[in-house]
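Undergrad: All I have is the shape, not the residue letters:
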């Protein structure tokens, strides 16, 4: 497995601590103040990165949905106006870029359309995430490939054939392209029986040179930690200040205390996994001398 070095200096891959991504997504609800609070909590939890989602509403919202009315915290409005209101623009992302640099945490975004890639390029992102819904959008993949930046593919709602096609497209463009692949199940929240965590080693076996990770949408923490135990080199979880907040992704998100526990437990597991080489530790010498001496004495009588 190769190791991918981001332009921030952080590394993802073999021999590296799992890269922990706090997925803010659209949980900022269109508020820069809320986004900064989420960044603060991610920093406090010692996450490696925060991630957002960038869309061009006029491109991503189907035309027949534009004028569908929706109840929102700002009143009743059309769906296209709602999507515009929750979408950050240049002003907000400039502030986010500066704030993350000040706080010492990586940030990047899922680009949902070609125009969004052009938009994000102005901020020199450390990588691009391709959402599961976009895995079959080959034109979008090609657009990202032309940036040369690391690409993280998410594989929810996808067949193995679709995953193989996307990876083949990347490899045909450049066999050494900095590619990462995340196992995922696109259900919000996802039931434990549909997480299928053994897909992490399955993907590792199929693509031994590609760092494999996990993007989870479950409500608990233990299964994400288990993904690291199975070899996930990066993990991503949706993140919110309060799971009861208004919005589509909050219920499947981790709150600040949960994110802190998640990062802590991942680091504890990484330390506990060791190197697989059997050894007698210094802390065992006292008990060994005391207990084995008694056992040997008993048998020598």
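TA: Arrived safely, thanks for sending. Because the structure is predicted, anything quoted here is derived from the model rather than measured.
Undergrad: Just the pLDDT at the spatially most central residue of the chain, thanks.
TA: In the chain, the centroid-proximal residue (C-alpha atoms, centre = their mean) is residue 236; its distance is 2.4 Å. Residue 236 carries a pLDDT value of 97.
Undergrad: do the same with the one 3 residues further on
TA: pLDDT recorded at residue 239 is 91.
Undergrad: so who does it touch?
TA: 22, 23, 24, 27, 38, 41, 42, 50, 253, 254, 259 (C-beta atoms under 8 Å, 6 or more residues apart in numbering). Where you see a C-beta, it was placed from the backbone N, CA and C, and this is true even at glycine.
Undergrad: Got the phi and psi for it?
TA: phi -140, psi 140 (degrees, to the nearest 10).
Undergrad: how close does residue 109 sit to residue 123?
TA: Distance, residue 109 to residue 123, by C-beta to C-beta, to the nearest Å: 9 Å.
Undergrad: To clarify, my last question referred to residue 69.
TA: Residue 69 is 34 Å from residue 123, where distance means C-beta to C-beta.
Undergrad: Next: residue 35.
TA: 14 Å.
Undergrad: Show residues contacting stretch 52-62.
TA: Stretch 52-62 has contacts (C-beta under 8 Å, 6+ apart) with 24-26, 28, 35, 79-80, 83-84, 87-88, 93, 96, 107-116, 119-120, 131.
Undergrad: Output the below-cut-off pLDDT ranges for this protein.
TA: Along the chain, the parts satisfying pLDDT under 70 run over 246-249, 293-301.
Undergrad: Now do the helices in the chain.
TA: For the chain, the helices defined by DSSP state H occupy 32-44, 57-60, 79-85, 90-103, 114-121, 138-145, 160-173, 199-206, 222-229, 256-273, 282-300.
Undergrad: sorry, back to before: now the buried members of the contacts of stretch 52-62.
TA: 24-26, 28, 35, 79-80, 83-84, 87-88, 93, 96, 107-116, 119-120, 131 (16 or more other C-beta atoms under 10 Å).
Undergrad: what sits against the residue nearest to the centre of the chain?
TA: By C-beta under 8 Å, 6+ apart, the neighbours of residue 236 are 21, 23, 51, 182, 213, 214, 215, 216.
Undergrad: try it again with 10 Å
TA: 19-23, 25, 47, 49, 51, 129, 152, 154, 182, 184, 213-217, 224 (C-beta atoms under 10 Å, 6 or more residues apart in numbering).
Undergrad: Pull the number of nearby residues for the closest residue to residue 127 other than its chain neighbours.
TA: Among residues not flanking residue 127 along the chain, residue 150 sits closest, at 3.9 Å (C-beta to C-beta, 6 or more residues apart in numbering). Here the number of neighbours of residue 150 (other C-beta atoms under 10 Å) works out to 22.
Undergrad: With the one 3 residues further on instead?
TA: Per other C-beta under 10 Å, the neighbour tally for residue 153 reads 25.
Undergrad: Next up, the contacts around residue 157.
TA: Here residue 157 is in contact with 131, 132, 133, 135, 136, 184, 185, 186, 187 (criterion: C-beta under 10 Å, 6+ apart).
Undergrad: for it, phi and psi?
TA: The phi/psi pair for residue 157 (degrees, to the nearest 10) reads phi 50, psi 30.
Undergrad: how close does it sit to residue 132?
TA: Between residue 157 and residue 132 the computed distance is 5 Å (C-beta to C-beta).
Undergrad: Most neighbours of all the contacts of residue 239, which one?
TA: Of these, with other C-beta under 10 Å as the count, residue 22 tops at 30 neighbours.
Undergrad: Across the sheet, point out what pairs with that one.
TA: residue 50, residue 237 (DSSP bridges).
Undergrad: Distance check, it against residue 88.
TA: Residue 22 is 16 Å from residue 88, by C-beta to C-beta.
Undergrad: burial of the spatially closest residue to residue 116 that is not a sequence neighbour, as a residue count?
TA: Spatial nearest neighbour of residue 116, chain neighbours left out: residue 54 (4.3 Å); criterion: C-beta to C-beta, 6+ apart. Neighbours of residue 54 under the rule other C-beta under 10 Å: 25.
Undergrad: Can you spell out which residues form a bridge with residue 54?
TA: Counting by DSSP bridges, the residues bridging with residue 54 are residue 111.
Undergrad: Please tell me how far the closest residue to residue 97 other than its chain neighbours sits from residue 211.
TA: In space, and not counting its chain neighbours, residue 97 is closest to residue 123: 5.0 Å by C-beta to C-beta, 6+ apart. Taking C-beta to C-beta as the measure, residue 123 falls 23 Å from residue 211.
Undergrad: higher neighbour count, residue 69 and residue 123?
TA: residue 123 (18 against 11).
Undergrad: Tell me who's in contact with that one.
TA: Per C-beta under 10 Å, 6+ apart, neighbours of residue 123: 54, 90, 93, 94, 96, 97, 98, 100, 107, 108, 109.
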